[in-house]
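>>> here are the coordinates; sequence isn't available:
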């Protein structure tokens, strides 16, 4: 398996009828919220294309909005960007899009990952290609995030030796990985409550989690049989991989970081 074998799926749908952050900046969707002058979805599309992914898909609840972004409209007309109408939650959107065998292997990320870079994507997918796991999940050590950006607020999974934040990067390598998406459809309401998410996998895992007996790799190995697929983590070395734009403070931080970066060409 090579990096070029992966397609990319970007989740860009709304999670509710209103998005206060998007509305505060005059955008209908957070995915289309400009960060340092460029809509976040456009940034992520550029990043994935620069990473070597030729087949890109976007899951969004209002596909017609993409026509207002010339760069995305051109990619859509040429077939380089395929649109899926999103479901009522991110996990259902993933499960729906990945139902087609042609979608695998697939890198899944989110449109609000404004700080995503080709270097992050290539590191993640290089590790995924070397792995035998069905599903790879990008994770960032809390110590790395807090050292670089002590002002940011993230949700951490606290395990033995270290706490971890998700990087919104998922590599679905095999058909078995779809079982994890199906599990998350049932458990998604707990995504901001890590202990309840662990409990949904199994009471013994919850006990070990509470006692901090497992590290990240051990926890995923222990939970994999209950999920019906082998799940492993990719440890991301970039603190920015943990920062998505969820709130006003994230937006301010992302724009500050992007001011010092060279832009990715469209």
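Ah, there it is. From a predicted model like this one, the values you see are computed outputs, not experimental measurements.
>>> Show me how far stretch 49-69 is from its chain's centre.
Distance of stretch 49-69 from its chain centroid, counting by CA atoms, centre = their mean, to the nearest Å, is 15 Å.
>>> middle-most residue in the chain, spatially?
residue 168 (2.3 Å; CA atoms, centre = their mean).
>>> Surely it is in a helix?
No - read with DSSP: H, G, I helix; E, B strand; the rest coil, residue 168 is strand and lies in no helix.
>>> list the contacts for it?
Counting by CB atoms under 8 Å, 6 or more residues apart in numbering, residue 168 makes contact with 109, 110, 112, 113, 138, 244. Just so you know, the C-beta spots here come from the backbone N, C-alpha and C atoms, and that holds for glycine as well.
>>> Spatially, which two of those residues are the most separated?
Greatest spacing in the contacts of residue 168, by CB to CB: 112 and 138 (14.8 Å).
>>> is it true that residue 128 touches residue 136?
Yes - between residue 128 and residue 136 there is a contact under CB atoms under 8 Å: 4.4 Å.
>>> all helices of the chain, in order?
Here the chain has its helices, by DSSP state H, at 20-24, 40-50, 70-77, 90-97, 118-130, 142-148, 178-187, 194-201, 203-210, 216-227, 248-259.
>>> and the angle for the longest one with helix 40-50?
Relative orientation of helix 118-130 and helix 40-50, computed by axes from the mean of the first three to the mean of the last three CA atoms, to 10 degrees: 60 degrees.
>>> go on, the third one?
For helix 70-77 against helix 40-50, the angle by the same axes, to 10 degrees is 60 degrees.
>>> Pull out the buried positions in helix 70-77.
Neighbour-count burial for helix 70-77, counted by 16 or more other CB atoms under 10 Å, picks out 71, 72, 75, 76.
>>> Could you export these as JSON lines, including pLDDT and distance to residue 25?
What follows is the buried residues of helix 70-77, written out as JSON lines (pLDDT from 0 to 100; distance: CB to CB, whole Å):
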{"residue": "71", "pLDDT": "93", "distance to residue 25": "19"}
{"residue": "72", "pLDDT": "93", "distance to residue 25": "19"}
{"residue": "75", "pLDDT": "93", "distance to residue 25": "24"}
{"residue": "76", "pLDDT": "92", "distance to residue 25": "24"}
